[in-house]
Each structure stands twice: as structure tokens, then as C-alpha cells.
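Engineer: sequence plus the predicted model coming up.
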Amino acid sequence: MLSLNRSCFLNNGLSGVSVGLSQAQRGSTKPAVVVSVVPNGRPADRNASLLVENNLKDPTAVAPVVDEIKSTVGGGVGDVYGEDSATEDQMVTPWTVSVASGYQLLRDPHYNKGLAFNDKERDAHYLRGLLPPAIVNHDLQVKKLMNNIRQYQVPLQRYMAMMDLQESNERLFYKMLMDHVEELLPIVYTPTVGEACQKYGTIFRRPQGLFISLKEKGRILEVLKNWPEKKIQVIVVTDGERILGLGDLGCQGMGIPVGKLSLYTALGGIRPSACLPITIDVGTNNEDLLKNEFYIGLRQRRATGQEYAELIDEFMAAVKQMYGEKVLIQFEDFANHNAFDLLAKYGPSHLVFNDDIQGTASVVLAGLISALKSVGGQLADHTFLFLGAGEAGTGIAELIALEISKQTGIPLVESRKKIWLVDSKGLIVKSRLDSLQDFKRPWAHEHETVPNLINAVKVIKPTVLIGSSGAGKTFTKEVVETMTSLNEKPIILALSNPTSQSECTAKEAYAWSKGRAIFASGSPFDPVEYNGKTYVSGQANNAYIFPGLGLGLIISGAIRVHDDMLLAASEALASQVSQENLDNGLIYPPFTNIRKISAHIAARVAAKAYELGLATRLPQPENLVAYAESCMYSPSYRSYR
């Protein structure tokens, strides 16, 4: 077997290569190896990939010098970090030296094909006897494993089975997820991922991302270098303080970045090796976890203030130093008091995106644009009432106000007056201004005090009711019936996750509204039969938006996220909803078409990046939809001969 030291590469050439040949010792002249290298690990050089042929005549020969690879970026913008090739499907893993043969090959998730290895591959890669004689194609592998997955009655068991598959055969995992996205999405992400995070300490088997704790303060760049992939294009990071509607799960929040990035690949076509899940562990205030012997994080209460800020500052600086200006950093499940501050602080200097604030807002706005095709009128003709004034609620409200301003030309401060928010203390009004957090203040309108949701519905008379409170069962029968008495077709969105935290169920919404509600939720619900008619509710899942948004940012080489990109993503998603979907009560398109939907979103986002002057991948492709589709990762097996 050939062994290459990654430290021996200088000036795009190979020097000091050490060659050890265990296969040659057995008399073989066809060592089965796959090698990828980057010169001396230097970020200034593009990846130089070498495929060492299986039929080397002289197994001790040193590979030839590889000429410098020129940047594919025009317009004088250098591809300093290899960012622009991050979506390209690599023959081999970038940067790391990867030797795959025989028993090792079967345990490398990037290259393992299981029983799909054909006879020639089994001979070439020393797999004879290590596999049963049957050769099973990709589709039959999916069929068999889906049959196995369906045998599990407990969703968490299905989740663990899927994670095991991802760690053993990456391409099979993504083909399964893409072919059965509607069935498997609730398993690999919401709502099952919530339970997985709660029990992450007990089900943890092998690392799927980077854990950066207070112990690594001052050494974060060094920790990033421990990750084997160097062409990282998307990072999803959490500090675990507000996981879904489950609260502070500390280090165990890692399930969220892992799940999100699986969807970036399956739904948005971002290459798996270009994705990096990260959990920043600053402790937890969850007493149950601190007392749990199986907890895998720091056993201390959360760091705050300057200590927290310094760690995040170091992390953001290290990420940019390591991966460049165009790496997308997605903040996930940070608590309100940090989420808004981080987005405001790093938005001007980094390519950052908060899915809880911006992603949720974009997907909800898309649903509203679609719903108005059935209800009638423009956004400005409607009145919006929110239960919940945190990250999601205020983020959605702001994007709706921006879209109203865009459509009507009225100032943003005026368009906000169509939107009302209720928090734990009642309707947000000007008399409460002094006690409000900064992010709530734009929504404090002139009105008398209203103590609760039902009274707010009665006095505000909204046409749209949106729940983002994280509190289940808050859209009561009285609330829904009041909305129905005020509107022929009330729009009711119960967005809180997981299912147990939903403001109401689909069954309740349709029954209490006598089948008149246009309903969507954050978690999936089964179709509902009411008075002989079947109602299919939509799911306002962020997975509609963030994979396509990320792909659009990457293919354009965007350096910042602008609000207009979010509006473009919303409009692109709404345009994919057919009249047939609307007739069936759906305000979102089916997930079976999600790859095409993501390509359309990516194209609109990229076009907006070019329009705003925020794109660096030049020149702009003529057909952005086709270009986005061509950049998407495919999980198809490759021949290793």
C-alpha cells in the first residue's frame, strides 16, 4: 500500500515521497490506491489531485510534478482558498492523503459501495472474499435498506440507522434520502432530530463534526486544521442553547448542524466534503444534563459576556483565515440574546446567515405569497398577528414588512404597522417600550394594552395568524373559531417545532375552522379528513429555503448575504407552487421536487448577488438555473476501474 506524507509537498511538486508497498511484498504489481494531495497544505494553492493507476509498472516510481491549476474565476478575482471548486464533485478527497484498498476501502464511507463493487473492482481493490459473491446495484441497495428502515417502529431507531449508513456508505445514504425525501426528512431532521439531540450523549458513536469548547480558546485555528477536508464551503454552527423548542441541550445540539448539512447535500447539491458541522461548547445551564453521567460536553454553567464574545470572535476570525471570505457560516439555534447580536456584528464582515431568523422568515413569506393566490389581495391588504416575538417571529415580521415596502413603495416603518406581535406579556405596544428588548421595539405600535392572544385576535382582527412561540396548544379552539368568524379563509400557521410544541394540530385547525382554514405547520402532520373531504396541510420547513440559498451564494461567489436575496428566495419558492397544489390546500410545493426547487431558488439568489455587486465568480453564467443544476452533487456510484 502506498503511503504519502502530506507535509512533503512543495511548490506544486512532490518531494520526499515515502513509498511503502505491502501489496508488492506479496508479489503484486497492481497496488489499489487513491491519493489526493494539496501542496504542503497551503491554502494559496488549488487542490492538486492525483489518481495513482492500479497498473503501475514500477511501484517505487515517484508521481510526476503537477502543473499549477489556474483559477476558474474571471474578473481578476483569485480563487485563493479553492472556494470556487468546492461544489465540484471530486474524484478524491481534497487535501488529505487517502489510501483505499481492501478492508480499508470497505470502511471508508466516501468510497465504499458495499455489494455494488463489480468483479473487476473486487479484483483491482483486493476485495475478493471480503464481500459475498452477489453484486447488487445502487437501486436495489436502496430498496433493501428502505425495507430495513421501515421495520423500526421507533423514529429514533430509524434516525440511528440512517446515521450508521451515513458513516458507512455516504453515497447510498444520500441516494436514499433523495429518492425518499418526504419519508426520510422527518427522520434525519425535524421532528426526530430533536429527540436525537436530547439523547445524543447515549447514542454518540463517532464524531460527525468539530466540537470547539472553551478548552480550545486560543487554539481554534489549530482545531480547524484537524478536520480532514480543507475546501469547506458551508459551516453550520450552534452553541446548543436553544435547540428547536427543547431549550438548552449544550454540546448535544450537534445533531442540528449534522442534520442541516445532510439537507444541504441532499436537497441543495452541496458536496458532502464541502460541509462542516460545528458545535461551540461553552457549557450548559441544563441541570439534568450536568448531572447526567452520559453527557458529553463541558460540565459547567454557560459562559457569558466577554468570555463568550472572545471565543466567538476567535472562531469567526479562524474560519475566515482557514477557509476564506466566501465560506457560508450558518448560525443555528442560538438563544435570542445572542442570535440577533451575532447576525448584526458579523453580517458586515462575513458571509453569515441565521436560519432561525432569516430562513424561517423566507419560507413563511413564500407560503404567504402562495396563500394569497387563494385568499386574494396583496400583502399590504392583510393584517398579521404573531404569537411569539423571538428570533423566528421578529425575523418573519421584518421580511414581510420588507416585501410590503418593495411591493408598495411605502417606507418600512409604515409597512411594519400592518404587523402585530404578542409575547408572554401580551400585545407589544408603545406603553411597554422601555421594558422591551431591542429587537422587539420596532413592533411596538400605538394601542391600548392587551393581555393575551385571544383578546388580541378580537381587537386586532387579523387575517393571518402566525405562531412562533415554541409553546404548544396555544391556538385554542376559541382562537381558531374567532379567526374563522373574522375571515372567510383564515390563514393559520403553527410553526413551532417539534410536533409537541406546535400551537395546534392540523386536525384541530380544520375541525375548529369547519374546513375553511389555510393551514401550514413547522412539523409535518398527516392528511386530515373532515366532513368527507381530505385536507393536506403544508409544512413551512426551512429545508425549502436554506439549501437553495446556500447553493446560490456558492455558485455566485457571494461575499455577503443581503435581505433582497431572502426576498428573491421567497419569491422563487412561491413561484413553484402550482394551482393543483393550491386546490389541494397546499401553500408549498411537494418535497419530491425539492432539487429542482432548490436550483430555481439558487438561480434567483445568484442573480440578485450579481445585481447587487456582491458576486465574485465572474462572468455571470447565461442560464443560472441550468448552471445551478450542473453544480449539484450526485450520489451515483463511480467506477474505480
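Structural biologist: Sure thing, it's come through.
Engineer: low-confidence regions, the chain specifically.
Structural biologist: Along the chain, the parts satisfying pLDDT under 70 run over 1-100, 641.
Engineer: just give the nearest non-adjacent residue to the spatially most central residue of it, would you?
Structural biologist: By CA atoms, centre = their mean, the mean C-alpha position of the chain lies nearest to residue 260, the distance being 3.2 Å. Once flanking residues are discounted, residue 260 sits nearest to residue 236: 4.5 Å by CB to CB, 6 or more residues apart in numbering. C-beta: built from backbone N, CA, C; applies to glycine.
Engineer: the helix or strand hosting that neighbour pairs with which strands, parallel or anti?
Structural biologist: For residue 236, the enclosing helix or strand under DSSP states H and E is strand 234-238. Strand pairing for strand 234-238, determined by DSSP bridges: strand 275-281 (parallel), strand 328-331 (parallel).
Engineer: Throw the ones you listed into TSV and include mean neighbour count and distance to residue 487, thanks.
Structural biologist: Converted to TSV, the strands paired with strand 234-238 look like this (neighbours: other CB atoms under 10 Å; distance: least, CB to CB, whole Å):
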stretch	mean neighbour count	distance to residue 487
strand 275-281	25	42
strand 328-331	24	36
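Engineer: looking at those strands, which is closest to residue 466?
Structural biologist: Evaluated over the strands paired with strand 234-238, closeness to residue 466 peaks at strand 328-331, with 21.9 Å, by CB to CB.
Engineer: if we can go back for a sec, how about the contacts made by the residue nearest to residue 260?
Structural biologist: Going by CB atoms under 8 Å, 6 or more residues apart in numbering, residue 236 touches 256, 257, 260, 261, 264, 275, 276, 277, 278, 330, 332.
Engineer: if you set the cut-off to 7 Å instead, what comes out?
Structural biologist: Residues counted as contacts of residue 236 (CB atoms under 7 Å, 6 or more residues apart in numbering) are 257, 260, 261, 277, 330, 332.
Engineer: before we move on, what about residue 253?
Structural biologist: Going by CB under 7 Å, 6+ apart, the list of residues near residue 253 reads 197, 238, 240, 243, 279, 333.
Engineer: look up how far residue 276 lies from the spatially closest residue to it that is not a sequence neighbour.
Structural biologist: Excluding the flanking residues, the one nearest residue 253 by CB to CB, 6+ apart is residue 240, at 3.0 Å. Taking CB to CB, to the nearest Å as the criterion, residue 240 is separated from residue 276 by 17 Å.
Engineer: now render the strands paired with strand 234-238 as TSV, adding distance to residue 304.
Structural biologist: TSV is the format used below for those (distance: least, CB to CB, whole Å):
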stretch	distance to residue 304
strand 275-281	13
strand 328-331	17
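Engineer: tell me where the stretch 251-400 of the chain has helices.
Structural biologist: With DSSP state H, counting those that start in this stretch as the criterion, the stretch 251-400 of the chain has helices at 255-268, 287-291, 305-323, 336-346, 360-375, 391-408.
Engineer: just send these back as JSON lines, with distance to residue 529 too.
Structural biologist: As requested, these are arranged in JSON lines below (distance: least, CB to CB, whole Å):
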{"stretch": "helix 255-268", "distance to residue 529": "30"}
{"stretch": "helix 287-291", "distance to residue 529": "40"}
{"stretch": "helix 305-323", "distance to residue 529": "49"}
{"stretch": "helix 336-346", "distance to residue 529": "39"}
{"stretch": "helix 360-375", "distance to residue 529": "20"}
{"stretch": "helix 391-408", "distance to residue 529": "30"}
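Engineer: highest mean neighbour count out of these?
Structural biologist: Among the helices of the stretch 251-400 of the chain, the stretch with the highest mean neighbour count (mean count of other CB atoms under 10 Å) is helix 255-268, at a mean of 27.
Engineer: how distant is that one from the center of its chain?
Structural biologist: Centroid separation between helix 255-268 and its chain, computed with CA atoms, centre = their mean, to the nearest Å, is 4 Å.
Engineer: again, but for stretch 555-572
Structural biologist: Distance, stretch centre to chain centre, for stretch 555-572: 15 Å (CA atoms, centre = their mean).
Engineer: quick check: buried residues in that stretch?
Structural biologist: For stretch 555-572, the neighbour count (16 or more other CB atoms under 10 Å) marks 555-562, 564-572 as buried.
Engineer: likewise for stretch 200-215?
Structural biologist: Buried residues in stretch 200-215 (16+ other CB under 10 Å): 200, 201, 203, 208, 209, 210, 211, 212, 213.
Engineer: closest one of those residues to residue 404?
Structural biologist: Once CB to CB is applied, the member of the buried residues of stretch 200-215 that ends up nearest residue 404 is residue 209, at 38.9 Å.
Engineer: so that closest one sits against residue 254, correct?
Structural biologist: Yes - applying CB atoms under 7 Å, one finds residue 209 in contact with residue 254, separated by 6.0 Å.
Engineer: what sits in contact with each of the two?
Structural biologist: 277, 279.
Engineer: format the contacts of residue 236 as JSON lines; extra columns: distance to residue 549.
Structural biologist: Below are these laid out as JSON lines (distance: CB to CB, whole Å):
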{"residue": "257", "distance to residue 549": "16"}
{"residue": "260", "distance to residue 549": "12"}
{"residue": "261", "distance to residue 549": "14"}
{"residue": "277", "distance to residue 549": "18"}
{"residue": "330", "distance to residue 549": "9"}
{"residue": "332", "distance to residue 549": "14"}
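Engineer: let's have the buried residues of stretch 200-215 in CSV, adding secondary structure and distance to residue 418.
Structural biologist: Listed next are the buried residues of stretch 200-215 as CSV, based on DSSP: H, G, I helix; E, B strand; the rest coil; distance: CB to CB, whole Å:
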residue, secondary structure, distance to residue 418
200, helix, 41
201, helix, 45
203, helix, 46
208, coil, 43
209, coil, 41
210, strand, 43
211, strand, 44
212, strand, 42
213, strand, 44
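Engineer: farthest pair in those residues?
Structural biologist: Farthest apart among the buried residues of stretch 200-215 by CB to CB are 203 and 212. That separation is 21.2 Å.
Engineer: next one: the helix or strand containing residue 485 to chain centre, how far?
Structural biologist: If you go by DSSP H and E, residue 485 is part of helix 477-486. Relative to the centre of its chain, helix 477-486 is centred 35 Å away, using CA atoms, centre = their mean.
Engineer: mind giving me the packing neighbours of it?
Structural biologist: Helix 477-486 sits against helix 453-460, helix 506-512, with contacts defined as 3 or more CB pairs under 7 Å, 6 or more residues apart in numbering; DSSP states H and E.
Engineer: among these, which is the most enclosed?
Structural biologist: Most buried of the helices and strands packed on helix 477-486 by mean neighbour count (mean count of other CB under 10 Å) is helix 506-512; its value is a mean of 23.
Engineer: packing partners of that one?
Structural biologist: helix 477-486, strand 518-521, strand 528-530.
Engineer: what's the last one in contact with?
Structural biologist: Meaning strand 528-530. Outside strand 528-530, the residues touching it (CB under 7 Å, 6+ apart) are 506, 507, 510, 511, 515, 535.
Engineer: how far off centre is it?
Structural biologist: Distance, centroid of strand 528-530 to centroid of chain: 32 Å (CA atoms, centre = their mean).
Engineer: neighbouring strands for that strand, and are they parallel or not?
Structural biologist: strand 533-535 (antiparallel).
Engineer: contact partners for the residue nearest to residue 253?
Structural biologist: 248, 249, 250, 251, 252, 253, 279, 284, 333.
Engineer: residue 346 now?
Structural biologist: Contacts of residue 346 (CB under 7 Å, 6+ apart): 316, 352.
Engineer: over to residue 332?
Structural biologist: Counting by CB under 7 Å, 6+ apart, residue 332 has contacts 236, 237, 238, 256, 257, 260, 355, 356.
Engineer: need those in CSV with distance to residue 176, can you?
Structural biologist: Shown next, in CSV, are the contacts of residue 332 (distance: CB to CB, whole Å):
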residue, distance to residue 176
236, 21
237, 27
238, 25
256, 21
257, 21
260, 18
355, 24
356, 28
